[in-house]
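Q: generate coordinates for the sequence data below:
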Amino acid sequence: MLEVDGFILTETLYGETSKIIHVLTKDYGVIGVMCKGVNSMKSVQRAVTLKYTYAHFVIYYKKDKLSILKSADVIDPLKKIRGDLLLISVLTYISELTYQVMKQSLGKDVYENFVETVLKLEAGLDPVVLVNILEIKYLKELGVLFNLDECVMCGNKTSIVAISSDKGGYICQNCYTNEVLASKKIIQMLRMYYYVNIKSITDLKIDKDTKKMIHLFLEDYYERYTGLYLNSKKFLKTMLDFD
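A: Below you'll find the model as predicted:
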């Protein structure tokens with residue numbers, strides 16, 4: 001028997017009344033769990049086994065096999081997120097992204113960063129900034145994080161004047177050709193996004209131009225270097241307005 005906090009990333013129907021869920025956990029990675037009879041209208045576990053539920057699970061754990069659900073209790077119902085189309089679109093995207101990242105990661109940092117991002121979304125913090133903070137942290141897990149300290153072309157640690165997804169990172173004044181110019185503030189914010197402890201964030205006030213440039217850079221960088229093409233990201237793009 002195992003008791004563990006976790007977040008349901010996916011659910012798949014199994015037979016007429018059962019389902020299989022994949023639960024992200026801190027110490028056990030993603031656990032596949034058989035939930036018998038939960039789709040029955042009489043099941044007390046019906047609501048707590050829905051996708052995107054953050055709960056405390058009691059399961060009959062089988063390593064590298066399908067575990068079996070005994071019970072679950074919701075930790076946070078995430079009412080704000082579930083009542084907002086943009087926020088549920090963000091949650092859908094970061095859940096799908098996290099599931100893909102977990103295929104290449106041990107998971108402890110992934111779990112903590114993901115759950116804290118969800119809780120900050122629920123608390124009403126800027127969803128675009130939160131997504132980008134999580135995305136830049138996940139680049140390390142995916143093995144494609146760009147160098148946050150120096151020019152990608154020559155290694156110069158000073159006079160960074162631009163960022164280029166095409167060239168893979170920062171560009172210094174000596175190597176600059178026609179890349180997108182970036183202010184010192186944007187360079188600093190990219191570093192902050194990576195190093196900040198998401199749990200410690202209490203407010204996110206970032207001007208629109210800075211937020212837009214960082215978002216578009218990371219969007220293009222993900223397309224070029226991660227190999228992840230998520231349908232949820234395509235839909236989220238239609239929801240975001242930077243005009």
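Q: where does the residue positioned nearest the centre of the chain sit: helix, strand or coil?
A: Centroid-nearest residue in the chain, with Cα atoms, centre = their mean: residue 94, separated by 3.7 Å. Each residue gets one of three states, and residue 94 gets helix by DSSP: H, G, I helix; E, B strand; the rest coil.
Q: check contacts around the nearest residue to it once chain neighbours are set aside.
A: Leaving aside its sequence neighbours, residue 94 sits nearest to residue 134 (Cβ to Cβ, 6 or more residues apart in numbering; 5.9 Å). Where C-beta positions appear, they are placed from N, C-alpha and C, glycine not excepted. Under the criterion of Cβ atoms under 8 Å, 6 or more residues apart in numbering, the neighbours of residue 134 are 94, 97, 113-114, 117, 198.
Q: residue 134 sits in which helix or strand?
A: helix 127-141 (DSSP states H and E).
Q: give the contact list for residue 4.
A: 23, 25-28, 31, 56-57, 59.
Q: equivalent analysis for residue 66, please.
A: Residues in contact with residue 66 (Cβ under 8 Å, 6+ apart) are 20, 32-34.
Q: how about it, phi and psi?
A: Torsion angles at residue 66 (phi, psi; degrees, to the nearest 10) stand at phi -80, psi 120.
Q: quick one: it from residue 21, how far?
A: According to Cβ to Cβ, to the nearest Å, residue 66 and residue 21 sit 10 Å apart.
Q: so what sits against both of these two?
A: Counting by Cβ under 8 Å, 6+ apart, the residues touching both residue 66 and residue 21 are 32-33.
Q: pairing partners for the longest strand seen in the chain, with directions?
A: Using DSSP state E, we find that the single longest strand of the chain is strand 2-14. Strand pairing for strand 2-14, determined by DSSP bridges: strand 18-24 (antiparallel), strand 54-60 (antiparallel).
Q: contact partners of the very next helix or strand once past the last one?
A: The element immediately downstream of strand 54-60 (helix or strand, assigned by DSSP H and E) is strand 67-76. Applying Cβ under 8 Å, 6+ apart, the external contacts of strand 67-76 come out as 1-2, 5, 21, 31-36, 38, 45, 47-49, 53-62, 119, 122.
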